[in-house]
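Enquirer: Task: produce atomic coordinates for the following.
(2 chains)
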Protein chains: 2
Amino acid sequence: MARTKAYVASVGFTKVAEHWESSILDLAVEAALKALKGVPKLSPQQLFVGNMFSSAGASQEHMGALVASALGLEGIPAFKVESACSSGASAFNVAYSLVKSGAIDSALVVGVEKMRDLEPEAVSQALAMAESAEYTQFVGATFAALNGLLARHYMERMDVTRDELSALPVIDHANAVAAEHAQFRRAITPEIVARSGMVADPLRLFDCAPVGDGAAAVVLVNDSGASHARKAKMAEVAGGRVSTARFSVYEREDMLDFTATKAAFREAMKQAGLSPQKVDFVEVHDAFSVVGALSLEAMGFSKKGMGSKDAKAGKYGPKSDLPVNTFGGLKARGHPVGATGVYQIAEAYLQLTGQAGGNQVEGAEYGVTQNVGGVDTTAAVHVFRGAE
Amino acid sequence: MARTKAYVASVGFTKVAEHWESSILDLAVEAALKALKGVPKLSPQQLFVGNMFSSAGASQEHMGALVASALGLEGIPAFKVESACSSGASAFNVAYSLVKSGAIDSALVVGVEKMRDLEPEAVSQALAMAESAEYTQFVGATFAALNGLLARHYMERMDVTRDELSALPVIDHANAVAAEHAQFRRAITPEIVARSGMVADPLRLFDCAPVGDGAAAVVLVNDSGASHARKAKMAEVAGGRVSTARFSVYEREDMLDFTATKAAFREAMKQAGLSPQKVDFVEVHDAFSVVGALSLEAMGFSKKGMGSKDAKAGKYGPKSDLPVNTFGGLKARGHPVGATGVYQIAEAYLQLTGQAGGNQVEGAEYGVTQNVGGVDTTAAVHVFRGAE
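Expert: Numbers count the residues shown, from 1 in each chain, chains lettered A, B, ... in the order given. Okay, here's the model as predicted:
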């Protein structure tokens, strides 16, 4: 289907924070206007809003038309796309497929989530909607509980220590110190992770992405749309794929095998014609430390069982050959659910256009983003290339 | 973008009813399996689920991957697409654009909604999420109330009588008598409408679509995908467009002017290269009688102010030149919100492939479906052509 190339032409986002003063619409509009400011001559042909629980969180559906109208873009087709925590990258993927195929020449993708207006118990309930109501929610398993079981299995079977599991969160927090839009900008140590409160044994507070509000937006164009965006710096979308797995972990042959991420990564890299050795940085979906480790293994950057161990050994740190979560990842930049995938893509854009400031990966040419819904039930992987 | 043609190759649906014994997943799977049975050699490349409030209604998000996994289709990209009451046709439209452009060769589109598990007040709250939380919901306006204001304005300004407003619901119920999947299969009279309980003055119970559960599914293919579906009867998707308007009625210059439907219809007909005189039947979004009338006016089938009057005069009846809502429309077939647009498309397919049984429009060659979210905030119009 390679009829034209597709590019991210502009990005915008809010700080991930407790935005008590802003509605979900305010956040979406703020991010979108920032992104549109980068391409003043372009009016996007379609709008895709990535969001998981505007309903539970803000008593609001119909986000596509709502955001379009608020932006003065009424008239254009506007949709909400949802796939739990991967809603942001799923919305991007649908838009990317349409732009790349030439069905449309440009699109605005906005990921947004308002989590803090909910009581903590309600956030747990909302997140649990990523899992089956009939088979998982009704037995009382929270999403953190499922991931806790996964982490226990991972640690015991792969002989992973507490400090090894802590390595990715430590990297995330180190990277977030210079990231102005990150929710938590203080460095942490393995000792701090190990002493933090228990959430779902063995996962502690600092293994888990925080609750926060935020929105991120990107403008996608193809070769036709690019003429309206010529002055903007652009990053090519070299490949992208969404894959799904058997719905829940207990239905799978090996719960440590992230088949959705594996398949999505393989296909996205094939589209890009890229070997893994060429990747300069990876934005990985570490909603929980164990999920980040298993994701790096599924993409082949670490061997099976080695994700956390490699992180501990320095493979993924800021000055390593393969920096991971260069602005703090889900743990420290934050994880406003439906927005997260778009934040990752915006961050990859900043890296590949040399606009990453204190977080810049020097000489970065190729970057990968991986966004997950459920426990690797949906995985959306995209590969980006800097302008030559 | 006319690189290939797109076709509906198969459809399936449940009866619209109070499905106390079935979960939202059960309904979606039942409809999908029926549709897939029609194309046994085909495995759809992507899945799009149209749904508005699985969250509020069934504590369930991530419907794309959930349905894919339940169908044994895990692996394929799967998304939920939402645009309030037009979610079904919006999901179809995204899939259609991808199939038509050649980005993919086939797609399964499933529309589903489970409404009856909610208490009536909760249904009202869920439907109100189609309107702005900040500016409409918080002042206490229900969705029926907004449409009641619209109907009052329509009747007074256009001099529409109670019996004229009742004409479309009467047509709907007459058509549903022979429709096995319809929720209400008894004919009604204008007197019954006029005597029914007041919902939101001047709208009475029989002006309003009922609350019900249901799912409908269609398989979309392009010329490449069609080789796997050769034996199936197919209907061509000759054109399709989603448009949006200023978000709520009170923001518009003329609340009786359905600009989203107008623009979507114009563009879809342009894609189809069709003049309105060639249309043989129309499936119109009459969630409320007034909305059906204004929709027919926006598409130009009736002049401004004449939608209900024309219906009363016999223009849209079963044996007329332009039958409307041939299986009962939203009022009598039923309106399981996110499924409705897919029901309309499935019904158009039945008409154009000569499988409409007692509801068959003889010699039908072209049909139009119009699905609306909010008060014509989003409109999705598709044009279908029977095989030659």
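
Enquirer: which residues of the stretch 1-150 of chain A fall in helices?
Expert: Applying DSSP state H, counting those that start in this stretch to the stretch 1-150 of chain A gives helices spanning A:24-37, A:54-58, A:63-70, A:87-101, A:120-128, A:143-158.

Enquirer: and those as TSV, adding mean neighbour count and distance to chain B?
Expert: Backbone N, C-alpha and C define where each C-beta goes, glycine included. TSV is the format used below for the helices of the stretch 1-150 of chain A (neighbours: other Cβ atoms under 10 Å in any protein chain shown; distance: least, Cβ to the nearest Cβ, whole Å):
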stretch	mean neighbour count	distance to chain B
helix A:24-37	22	7
helix A:54-58	24	4
helix A:63-70	28	4
helix A:87-101	30	4
helix A:120-128	17	7
helix A:143-158	19	11
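
Enquirer: In CSV: those, plus mean pLDDT.
Expert: Converted to CSV, the helices of the stretch 1-150 of chain A look like this (pLDDT from 0 to 100):
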stretch, mean pLDDT
helix A:24-37, 98
helix A:54-58, 94
helix A:63-70, 98
helix A:87-101, 98
helix A:120-128, 95
helix A:143-158, 97
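
Enquirer: Quick check: which of those helices is nearest to residue B:183?
Expert: helix A:54-58 (24.5 Å; Cβ to Cβ).

Enquirer: Show me what the closest one is packed against.
Expert: When contacts are defined as 3 or more Cβ pairs under 8 Å, 6 or more residues apart in numbering or on different chains; DSSP states H and E, helix A:54-58 sits against helix A:24-37, strand A:106-113, helix A:120-128, helix B:54-58.

Enquirer: of all these, which lies closest to residue B:211?
Expert: Closest to residue B:211 of these is helix B:54-58 (Cβ to Cβ; 10.6 Å).

Enquirer: hmm, back to that, mind putting the helices of the stretch 1-150 of chain A into TSV with distance to residue B:59?
Expert: Shown next, in TSV, are those (distance: least, Cβ to Cβ, whole Å):
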stretch	distance to residue B:59
helix A:24-37	20
helix A:54-58	9
helix A:63-70	20
helix A:87-101	17
helix A:120-128	7
helix A:143-158	13
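
Enquirer: With respect to residue B:65, which of these lies nearest?
Expert: That would be helix A:87-101 among the helices of the stretch 1-150 of chain A, by Cβ to Cβ, at 9.9 Å.

Enquirer: ok, back up a step: which among the helices and strands packed on helix A:54-58 is found nearest to residue A:315?
Expert: strand A:106-113 (28.7 Å).

Enquirer: Pull the distance from that closest one to the chain's centre.
Expert: With Cα atoms, centre = their mean, to the nearest Å as the basis, strand A:106-113 stands 13 Å off its chain's centre.

Enquirer: what packs against that strand?
Expert: helix A:24-37, strand A:46-50, helix A:54-58, helix A:87-101, strand A:214-222, helix A:337-352.

Enquirer: at 7 Å what do you get?
Expert: If contacts are counted by 3 or more Cβ pairs under 7 Å, 6 or more residues apart in numbering or on different chains; DSSP states H and E, strand A:106-113 sits against helix A:24-37, strand A:46-50, helix A:87-101, strand A:214-222, helix A:337-352.

Enquirer: Show me how the record splits chain A into domains.
Expert: Domain segmentation of chain A under automatic domain parsing yields A:6-118+A:212-236, A:140-208+A:238-386.

Enquirer: Among the ones you listed, show me which one is buried the most.
Expert: domain A:6-118+A:212-236 (a mean of 25; mean count of other Cβ atoms under 10 Å in any protein chain shown).

Enquirer: now the end-to-end length of it.
Expert: 6 Å (Cα to Cα, to the nearest Å).

Enquirer: Including distance to residue B:108, could the helices and strands packed on helix A:54-58 go into CSV?
Expert: Converted to CSV, these look like this (distance: least, Cβ to Cβ, whole Å):
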stretch, distance to residue B:108
helix A:24-37, 29
strand A:106-113, 23
helix A:120-128, 26
helix B:54-58, 17
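
Enquirer: which one of the ones you listed lies closest to residue A:337?
Expert: Minimum separation from residue A:337 across those (Cβ to Cβ) falls at strand A:106-113, 4.5 Å.

Enquirer: Out of the helices and strands packed on helix A:54-58, which is closest to residue A:367?
Expert: Here strand A:106-113 is closest among the helices and strands packed on helix A:54-58 (Cβ to Cβ), at 17.1 Å.

Enquirer: The closest one pairs with which strands?
Expert: For strand A:106-113, the pairing partners within the sheet under DSSP bridges are strand A:46-50 (parallel), strand A:214-222 (antiparallel).

Enquirer: so the shortest one versus helix A:87-101, what angle?
Expert: Meaning strand A:46-50. If you take axes from the mean of the first three to the mean of the last three Cα atoms, to 10 degrees, strand A:46-50 sits at 150 degrees to helix A:87-101.

Enquirer: contacts for strand A:46-50?
Expert: Residues from elsewhere that reach strand A:46-50 (Cβ atoms under 7 Å, 6 or more residues apart in numbering or on different chains): A:28, A:63-64, A:67-68, A:73, A:76-81, A:87-88, A:90-92, A:94-95, A:104, A:107-112, A:338-339, A:341-342.

Enquirer: Kindly recompute the last result at 8 Å.
Expert: The contact list for strand A:46-50 (Cβ atoms under 8 Å, 6 or more residues apart in numbering or on different chains) reads A:28, A:63-64, A:67-68, A:71, A:73, A:76-82, A:87-92, A:94-95, A:98, A:104, A:106-112, A:338-339, A:341-342.

Enquirer: quick check: angle from it to helix A:63-70?
Expert: Calculated by the same axes, to 10 degrees, strand A:46-50 forms an angle of 130 degrees with helix A:63-70.

Enquirer: same question, the last one
Expert: Counting by the same axes, to 10 degrees, strand A:214-222 lies at 80 degrees to helix A:63-70.

Enquirer: Quick check: residues of the stretch 251-388 of chain A near chain B?
Expert: Listed as neighbours of chain B in the stretch 251-388 of chain A under the rule Cβ under 8 Å from any Cβ of the partner chain: A:251, A:259, A:263, A:373, A:374, A:377, A:378.

Enquirer: is it possible to export the strands paired with strand A:106-113 to TSV including mean pLDDT?
Expert: Below are these laid out as TSV (pLDDT from 0 to 100):
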stretch	mean pLDDT
strand A:46-50	98
strand A:214-222	98
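
Enquirer: Spit out the contact partners of the residue lying closest to residue A:54 once chain neighbours are set aside.
Expert: Among residues not flanking residue A:54 along the chain, residue A:60 sits closest, at 4.6 Å (Cβ to Cβ, 6 or more residues apart in numbering or on different chains). By Cβ under 8 Å, 6+ apart, residue A:60 lies in contact with A:24, A:25, A:54, A:66, B:129, B:132, B:133.

Enquirer: Nearest to residue B:242, out of the helices and strands packed on helix A:54-58?
Expert: Residue B:242 sits nearest to strand A:106-113 of all the helices and strands packed on helix A:54-58, at 13.1 Å, using Cβ to Cβ.

Enquirer: Using CSV, list the CA coordinates for the closest one.
Expert: The C-alpha atoms that make up strand A:106-113 are tabulated as CSV, following Å, rounded to 0.1, in the frame of the first residue of the first chain:
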residue,chain,number,x,y,z
SER,A,106,-4.1,15.0,6.4
ALA,A,107,-5.5,14.2,9.8
LEU,A,108,-5.4,15.6,13.3
VAL,A,109,-5.0,13.0,16.0
VAL,A,110,-5.7,14.0,19.6
GLY,A,111,-5.3,11.7,22.6
VAL,A,112,-6.9,12.8,25.8
GLU,A,113,-7.8,11.5,29.3
